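Trainee: mind folding the following:
(one chain, ligands or ions: 2)
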Amino acid sequence: MGLSAQMSTRNISRFWEWGRKIICVGRNYAEHAKELKNAVPTEPVLFLKPPSAYVREGSPIVLPFYSSNLHHEVELGVVIGKGGAAIPQSAAMEHVAGYALCLDMTARDVQDECKSKGLPWTLAKAFDTSCPVSEFIPKERVPEPGNVKLWLKVNSQLRQSGCTSDMIFSIPYLVSYISDFITLEEGDLILTGTPKGVSAVQEQDELQAGIDGLVTMTFTVERKDH
Ligand SMILES: O=C([O-])CC(=O)C(=O)O
Ligand SMILES: [Mg+2]
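Mentor: Residues are numbered from 1 along each chain as shown. Ligands and ions are numbered 1, 2, ... in the order given. Below you'll find the model as predicted:
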């Protein structure tokens, strides 16, 4: 492949192909923290998914063979367009290229066990297909990212409906906070946490999620022989 062809494939609108970090924020909506009986945090809770977690429409979400309680969590994803460390809140939005609708698929039974043993959440959160993503949404199309409505249906039944105005920590705050510990790079994705209404999905379920006026996406859940 020639250099120009290589460069043309490295387009931020296909950020999931870049192999960059997925940094997830947990418990960023008070009602969701409460539904799982967690304290409402005073500082962001962070964890990571690897880029192998990405899955795109047309491919299924695969049930982890070691879990019998896979949950959906619909979240707004923030795509980093300009890297940086120790980014002040006042400059944070200059580092954002756009957004994506994301699911933070979670093996809740595995997470509960990890929590009770004080172990990391990796197998609960970072398995293959644990991060379904929509198309890229350029930031110009989202004038108020702090006031965006997200929803998720399972087999046409509404399970989650929330608004980013209910986030405890705002997008500029999160970009700045994360960049104090982890250098942000172009193509990184920040998952900003889920509103209330998380629940279990089964084999053959159809998950449909959307951001009002911007994007919808559909995924099916499948089990693979292990
Ligand atoms: O597993 C959890 O509940 C933490 C999390 O990802 C979220 O709040 O979005
Ligand atoms: Mg989450």
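Trainee: low pLDDT regions in the protein?
Mentor: Applying pLDDT under 70 to the chain flags the ranges 1-9.
Trainee: hey, where'd the helices end up in it?
Mentor: Secondary structure of the chain by DSSP state H: the helices cover 3-9, 30-35, 108-117, 122-125, 171-179.
Trainee: make TSV out of the ones you listed and add mean neighbour count.
Mentor: Any C-beta I mention is one placed from the backbone N, CA and C, and that applies to glycine too. Output for the helices of the chain, formatted as TSV (neighbours: other Cβ atoms under 10 Å):
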stretch	mean neighbour count
helix 3-9	9
helix 30-35	16
helix 108-117	15
helix 122-125	21
helix 171-179	21
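Trainee: ok, whichever residue of the chain sits closest to ligand 1 - contacts?
Mentor: Nearest residue of the chain to ligand 1: G26, at 3.1 Å (Cβ to the nearest ligand atom). Contacts for G26 (Cβ atoms under 8 Å, 6 or more residues apart in numbering) come out as 41, 44-47, 193.
Trainee: for the residue positioned nearest the centre of the chain, name its beta-bridge partners.
Mentor: By Cα atoms, centre = their mean, the chain has its centre lying nearest to L191, at 3.6 Å. Beta-bridge partners of L191, counted by DSSP bridges, are C24, G77.
Trainee: please list the residues of this protein that sit near ligand 1.
Mentor: By the rule Cβ under 6 Å from any ligand atom, the part of the chain lying against ligand 1 is 24, 26-27, 32, 36, 73, 104, 106, 111, 193-194.
Trainee: need the buried ones from those residues selected in PyMOL.
Mentor: This is how PyMOL selects the buried members of the residues of the chain next to ligand 1, with burial counted by 16 or more other Cβ atoms under 10 Å:
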select buried, resi 24+26+27+32+73+104+106+111+193+194
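Trainee: wait, doesn't M105 sit right on V133?
Mentor: No. M105 is beyond contact range of V133, at 11.4 Å (criterion: Cβ atoms under 8 Å).
Trainee: quick one: which of these two has more around it?
Mentor: Neighbours per residue (other Cβ atoms under 10 Å) separate M105 from V133, with M105 holding more: 28 against 22.
Trainee: could you find the closest non-adjacent residue to the more buried one?
Mentor: S130 (4.4 Å; Cβ to Cβ, 6 or more residues apart in numbering).
Trainee: ok, the one you found - contacts?
Mentor: Here S130 is in contact with 49, 53, 104-106 (Cβ under 8 Å, 6+ apart).
Trainee: state the distance from the closest residue to D128 other than its chain neighbours to ligand 2.
Mentor: Of all residues not flanking D128 in the chain, S52 sits nearest, at 5.8 Å (Cβ to Cβ, 6+ apart). Going from S52 to ligand 2 by Cβ to the ion, to the nearest Å gives 18 Å.
Trainee: next, count neighbours for S52.
Mentor: S52: 14 neighbours (other Cβ under 10 Å).
Trainee: closest point of the chain to ligand 2, which residue?
Mentor: Ranking the residues of the chain by distance to ligand 2 (Cβ to the ion) places D104 first, at 3.4 Å.
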